[in-house]
Every structure is written in C-alpha cells, then in structure tokens.
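# sequence first, then the predicted structure, then my questions.
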Amino acid sequence: MNDRMIIRGGRPLIGSIVTQGAKNAALPVMASALLLRGGRLTLKRVPDLQDIHTMADLLRHLGADITFAGGNMTIDVPDELKWDTPADLVRRMRASSLVLGPLVARCGRAVLPLPGGCAIGSRPIDFHLKGLVRMGAEIDLEQGSVHARTGGLSATRICLDFPSVGATENMLMTAALTPGESVIENAAREPEISNLSQSLRLMGATVEGDGTSTIRVVGTSRLQSATVEIIPDRIEASTYLLAGVMTRGEITVTDIVPEYLQALVCKLEEAGVPVETSGNSVSVSCKGLKWNGVTLKTLPYPGFPTDLQPQIMAALCMAEGTSVIHESVFDSRYVHVAEFKRMGGKIDIQGNTVVVTGVHKLMGTEVRASDLRAGAALILMGLAAGGETVVCGLKHVWRGYESLMEKMKSIGADIELLADDKSAV
Ligand code: UD1
C-alpha cells in the first residue's frame with residue numbers, strides 16, 4: 001500500500017459521506033468469537049481496514065476460519081483452539097490484547113507478547129491483567145510476553161482503576177464465559193462497549209448496565225452462534241466533519257448515530273460553527289466561516305475523545321484567537337505538534353496542555369504521520385493549507401480509514417497517492 005500522498009489544498013470540500021462501521025467496535029466483537037466452542041459469529045458492516053485484517057490473521061492463527069467480503073464477515077470457531085499468539089501479529093496492533101481474556105476463559109491459558117500499536121504514550125495492560133488475576137488467572141511476565149493460566153475462573157466484582165476501554169472489553173468477554181455474576185465497576189461507557197455487550201447478549205450471556213459505569217454480567221459455560229451489526233464509526237465521521245470546517249465547505253455525514261458525536265458537536269457550536277442534525281446524519285455548513293478558539297479536555301466517553309484531539313487541534317490552528325487543549329487520556333499524544341508547526345501552526349506545549357494561537361493561513365510542506373489519528377489530522381491540515389502538502393507515513397492512516405482516497409475525492413479533495421520511493425521517505 002502506498003505510503004505517501006500529495007494534497008493540493010485550499011478548496012472547500014462539499015458533499016456527503018457514508019460512515020464506515022466502527023473499527024474500535026469491530027475489533028472486540030471479532031475477538032469475542034473466540035468464546036464460542038464450535039460455532040459461528042457473523043458480523044455485518046465491518047470496515048475493510050488494516051487493523052481488521054490483522055485481527056482476522058490473529059484469529060486464523062488461533063484456529064478460526066474467516067470469510068470477509070463486502071462488509072460481511074463470518075468467523076467459524078472450532079472445538080479446539082491454539083492459545084499462543086505470534087509476536088509479529090500482536091506487535092502490529094494494541095487491540096491484539098483483546099484476545100487475552102477470551103483465550104483464558106476458553107482454553108484456560110494464553111501467551112501474549114506485549115502488544116504494539118500507535119506511538120501515543122505508554123500503554124500498559126496492567127488493568128487487564130489485574131482483572132484476570134481477580135477472576136482466578138495466574139499471570140507471569142516472561143521475556144516480554146504475558147503467560148496466563150487458570151484451573152478455572154470465578155465470577156467476581158472488578159473495580160477498574162480507570163475506565164479503560166480495552167480492559168472493560170477484556171473483562172466483559174471473560175465474564176461472559178464464566179458462570180455466575182460478575183460486576184465491572186468504573187467501566188468504560190463508550191458506544192463500542194455497548195456493541196460488544198450486544199454481541200455477548202446475542203451469544204447468550206446476560207449483560208446489563210453497558211453505557212453506564214457499572215456493568216453486570218451473568219456468564220454461562222457455553223455461548224451460541226450469533227449475528228451482530230457493527231455500529232457506525234464516530235471518529236471517522238467526526239474527521240470528515242472537521243475536514244468540512246477546515247476547508248470552509250459543506251459536509252454531511254450519514255449513517256451515523258448523532259448522539260455519538262455530541263462532544264464534538266458541542267465544541268463546534270461553542271466555536272461558532274453551525275451544525276445541523278437530522279435523523280441519522282450530521283452536517284456542517286461553513287462557507288466563509290470564521291470560528292473561534294475553544295478550551296477542551298480529552299476524557300473517556302461521553303467526554304471529548306482523545307482519538308479526535310489531533311484533528312480538532314488542526315481546526316483550532318485556524319481559529320480566531322487562542323485555544324487550550326488538555327490531553328488527559330494518554331501521556332504523550334502530541335507528536336503531531338512538530339509537524340503542525342512546520343505547516344505554520346502556532347502551538348506551544350506545556351506538559352499535557354497545548355496552547356494554540358490561530359493563524360489565517362497554513363502552508364503546505366512535507367510532513368510525516370506518527371500514528372493513525374495524527375495522520376488523519378495532517379491530511380486535514382493539507383486540505384486547508386495553501387500550496388502542496390506531502391503526507392508520509394500513510395500506513396498508519398490505512399489502519400483506520402476505509403476508502404479514504406475515494407471518499408475525499410468524492411467531496412472535491414485534490415489528493416493523489418505517490419509511488420513509493422525510498423529515497424523520498
Ligand atoms: C481504546 C481505543 C483507542 C482510544 C482509547 C481511548 C480500541 C481498539 N482502541 O484504546 O483508539 O484512543 O481507547 O479512548 O478501542 N491504561 C493503563 N493500563 C491498562 C489499560 C489502560 O494504564 O491496563 C491507560 C492507558 O495507558 C491510557 C488510558 O488508560 O492512558 C486509556 O486507555 P484505554 O481506554 O485502555 O485505551 P485502549 O483500550 O488501549
């Protein structure tokens with residue numbers, strides 16, 4: 001896949017974008033298939049993304065048989081599964097850690113090399129491991145891998161130190177295959193948690209309270225085949241809305257649940273951007289618009305998503321006045337700032353806080369994506385900037401945005417992939 005793109009910026013983007021299925025919902029639902037003992041999980045509206053293929057390869061390695069075409073995926077899980085996971089797949093993506101709970105619950109053991117993923121700060125999995133230990137697993141760390149085993153898990157009460165999305169998902173899946181009542185306190189409340197809960201309910205577990213901080217799970221020793229629809233991707237939809245804002249265009253995103261975008265919509269309205277919501281679509285209309293700086297803090301859902309922090313920072317680079325962003329979810333998610341500055345962004349980092357002073361013009365240059373959302377934000381910067389921008393490091397972007405080239409072109413973006421040329425990277 002090409003790693004570089006040229007953007008000729010400065011044109012207003014106008015049109016409508018159909019939202020993809022949510023990557024961060026599809027990944028845990030895929031992992032939950034491992035809980036089946038001889039059965040099939042069918043998923044609808046799965047986005048065709050690099051991370052989805054990585055998870056599919058990981059499940060295949062463990063013994064699953066997978067078909068994937070046109071957004072429909074079937075995962076057939078045999079009676080016998082492998083429980084060791086290969087480092088080359090796991091290190092590609094942090095979400096690989098989502099197979100840990102299902103494997104321990106299903107096979108009584110698992111080996112997981114410590115996972116990789118985006119370079120956005122230290123991302124330990126200690127909450128996942130503590131939860132599993134509380135349910136009766138023994139965990140050892142040997143040569144960079146987690147070795148987990150159990151003679152039998154017990155349903156229990158787990159209180160997370162932070163509402164971690166991944167830890168909540170691992171605990172939910174483990175509890176679903178552990179007979180008895182488990183309660184997860186301080187659980188994450190993201191819509192993706194509710195999609196996984198829905199999947200587990202369809203497979204036969206009782207799950208109540210998803211979407212709140214306390215989730216009650218009554219597990220069972222055997223789960224059944226099910227068909228699950230993946231929810232829309234709130235981060236993808238938000239990224240296109242921000243592209244509309246930054247290029248002073250008119251963008252509608254459809255097939256979305258507007259409630260999922262509330263934190264962004266509130267901030268846009270505060271900045272003076274007119275936003276319209278109707279049924280399952282959200283629109284911004286920004287012809288000739290000037291927007292104001294705002295103050296925001298990233299938080300677990302329903303707060304402002306950390307996965308939108310680079311993209312809104314891009315928009316705030318062109319706001320009237322000053323903005324303040326406080327990143328409270330990850331400890332070093334400002335790698336993109338240096339690249340923004342090279343395009344004319346006026347940004348000052350003070351610990352986990354940045355102060356952005358709006359400018360009227362950004363200028364294209366060659367920039368490099370350090371992670372998935374930083375890459376998306378650099379594309380937004382390029383679309384708004386004068387002249388030509390070359391964004392390198394697109395391999396990160398392909399992990400999360402399906403058909404990005406086609407979608408961007410359909411709303412008028414002048415973008416092109418460049419042939420890979422090692423000397424230019
Ligand atoms: C998920 C999302 C990711 C998003 C993040 C926060 C997926 C596949 N990825 O990642 O896109 O940016 O939620 O919304 O859904 N932490 C620990 N110990 C742990 C687990 C987490 O200290 O065991 C910390 C992390 O370092 C981070 C914070 O908790 O500072 C939140 O992380 P978490 O919610 O777990 O994020 P992920 O599930 O990895």
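Perfect, thanks for sending it. Predicted model only: the values in this text are computed from it and were never measured. Numbering: from 1, shown residues only.
# which strands and helices sit next to the host helix or strand of residue 74?
Here residue 74, judged by DSSP states H and E, is contained in strand 72-77. For strand 72-77, the contact count by 3 or more Cβ pairs under 8 Å, 6 or more residues apart in numbering; DSSP states H and E identifies strand 39-44, strand 65-69 as packing neighbours. The C-beta positions use only the backbone N, C-alpha and C, and glycine is treated the same way.
# pLDDT score for residue 424?
For residue 424, the pLDDT comes out at 42.
# and if you look at residue 379?
Looking at residue 379, its pLDDT is 98.
# helix/strand/coil for the closest residue to it other than its chain neighbours?
Ranked by Cβ to Cβ, 6 or more residues apart in numbering and with sequence neighbours excluded, the top spatial neighbour of residue 379 is residue 391, at 5.8 Å. Here residue 391 is recorded as strand under DSSP: H, G, I helix; E, B strand; the rest coil.
# ok so, going back, what is the subsequent helix or strand relative to the strand holding residue 74?
helix 87-90.
# other SSEs contacting that following helix?
Judged by 3+ Cβ pairs under 8 Å, 6+ apart, the packing partners of helix 87-90 are helix 50-62, strand 109-113.
# out of those, nearest to residue 257?
Among those, the nearest to residue 257 by Cβ to Cβ is helix 50-62 (20.5 Å).
# what about the most far-flung residue of the chain relative to its centre, distance to residue 219?
Going by Cα atoms, centre = their mean, the residue of the chain most distant from its centre is residue 151, 33.8 Å out. According to Cβ to Cβ, to the nearest Å, residue 151 stands 17 Å off from residue 219.
# and residue 83, by the same measure?
For residue 83 relative to residue 219 (Cβ to Cβ), the value is 19 Å.
# compare the two and say which is more crowded by neighbours.
For residue 83 versus residue 219, neighbours defined as other Cβ atoms under 10 Å are more numerous around residue 219 (25 against 19).
# surely that one touches residue 173?
No - using Cβ atoms under 8 Å, residue 219 makes no contact with residue 173, being 9.7 Å away.
# so what does the host helix or strand of residue 100 touch, helix or strand wise?
For residue 100, the element it lies in under DSSP H and E is helix 100-107. Secondary-structure packing of helix 100-107 (3+ Cβ pairs under 8 Å, 6+ apart): strand 109-113, helix 126-134, strand 145-149, helix 165-176.
# quick check: buried residues in the last one?
Of the residues in helix 165-176, those buried by neighbour count under the rule 16 or more other Cβ atoms under 10 Å are 165, 166, 167, 168, 169, 170, 171, 172, 173, 174, 175, 176.
# those residues: which ones sit near the ligand?
Contacts with the ligand within the buried residues of helix 165-176, counted by Cβ under 6 Å from any ligand atom: 165, 166, 167.
# and for residue 392, the neighbour number?
Neighbour count for residue 392, taken as other Cβ under 10 Å: 18.
# list the contacts of it.
Going by Cβ atoms under 8 Å, 6 or more residues apart in numbering, residue 392 touches 3, 4, 366, 367, 368, 369, 425.
# give me phi/psi at the residue nearest the centre of the chain?
Closest to where the C-alpha atoms of the chain average out (Cα atoms, centre = their mean) is residue 24, at 4.4 Å. Backbone torsions of residue 24, given as degrees, to the nearest 10, read phi -80, psi -10.
# where's it relative to the ligand, distance?
3 Å (Cβ to the nearest ligand atom, to the nearest Å).
# wait, doesn't that residue sit right on residue 193?
No - counting by Cβ under 8 Å, residue 193 is not a contact partner of residue 24; they are 9.9 Å apart.
# overlap of the contact sets of the two?
residue 165.
# residue 221: how many residues sit nearby?
Around residue 221 there are 9 residues (other Cβ under 10 Å).
# so what's it up against?
By Cβ under 8 Å, 6+ apart, the neighbours of residue 221 are 177, 179.
# need the helices for the stretch 301-425 of the chain, in chain order.
Remark: helices assigned in the stretch 301-425 of the chain by DSSP state H, counting those that start in this stretch are 309-316, 336-342, 372-384, 404-410.
# ok, which of the ones you listed comes nearest residue 61?
helix 372-384 (23.3 Å).
# which pLDDT value goes with the closest residue to residue 137 other than its chain neighbours?
What sits nearest to residue 137 in space, not counting adjacent residues and going by Cβ to Cβ, 6+ apart, is residue 150, at 4.4 Å. Residue 150 is assigned a predicted lDDT (pLDDT) of 97.
# surely residue 150 touches residue 107?
No - under the criterion of Cβ under 8 Å, residue 150 makes no contact with residue 107, lying 9.6 Å away.
# and residue 149, bridged to which residues?
Beta-bridge pairing of residue 149 under DSSP bridges involves residue 109, residue 138.
# and for it, the neighbour number?
15.
# identify the bridge partners of residue 414.
residue 8.
# ok, which of the helices and strands packed on helix 100-107 comes nearest residue 101?
helix 165-176 (3.7 Å).
# residue 361 reaches residue 387, doesn't it?
No - using Cβ under 8 Å as the test, residue 361 is too far from residue 387 to be in contact (10.0 Å).
# of the two, which one has the most company?
With neighbours defined as other Cβ under 10 Å, residue 361 and residue 387 compare such that residue 387 has more, 14 against 11.
# okay but that one is in contact with residue 364, surely?
Yes - with contacts defined as Cβ under 8 Å, residue 387 counts as touching residue 364 at a distance of 3.8 Å.
# if we can go back for a sec, residue 150 and residue 107: which is more packed in?
residue 150 (21 against 18).
# list the contacts for the more buried one?
By Cβ under 8 Å, 6+ apart, the neighbours of residue 150 are 104, 108, 109, 135, 136, 137, 138.
# same thing but at 6 Å, please
104, 108, 136, 137 (Cβ atoms under 6 Å, 6 or more residues apart in numbering).
# circling back to that earlier point, biggest separation within the buried residues of helix 165-176, which pair?
So, these by Cβ to Cβ: farthest apart are 165 and 176, at 16.8 Å.
# ok, back up a step: out of the helices and strands packed on helix 87-90, the one nearest residue 91 is which?
With Cβ to Cβ as the yardstick, what comes closest out of the helices and strands packed on helix 87-90 is strand 109-113 (6.4 Å).
# much appreciated, bye for now.
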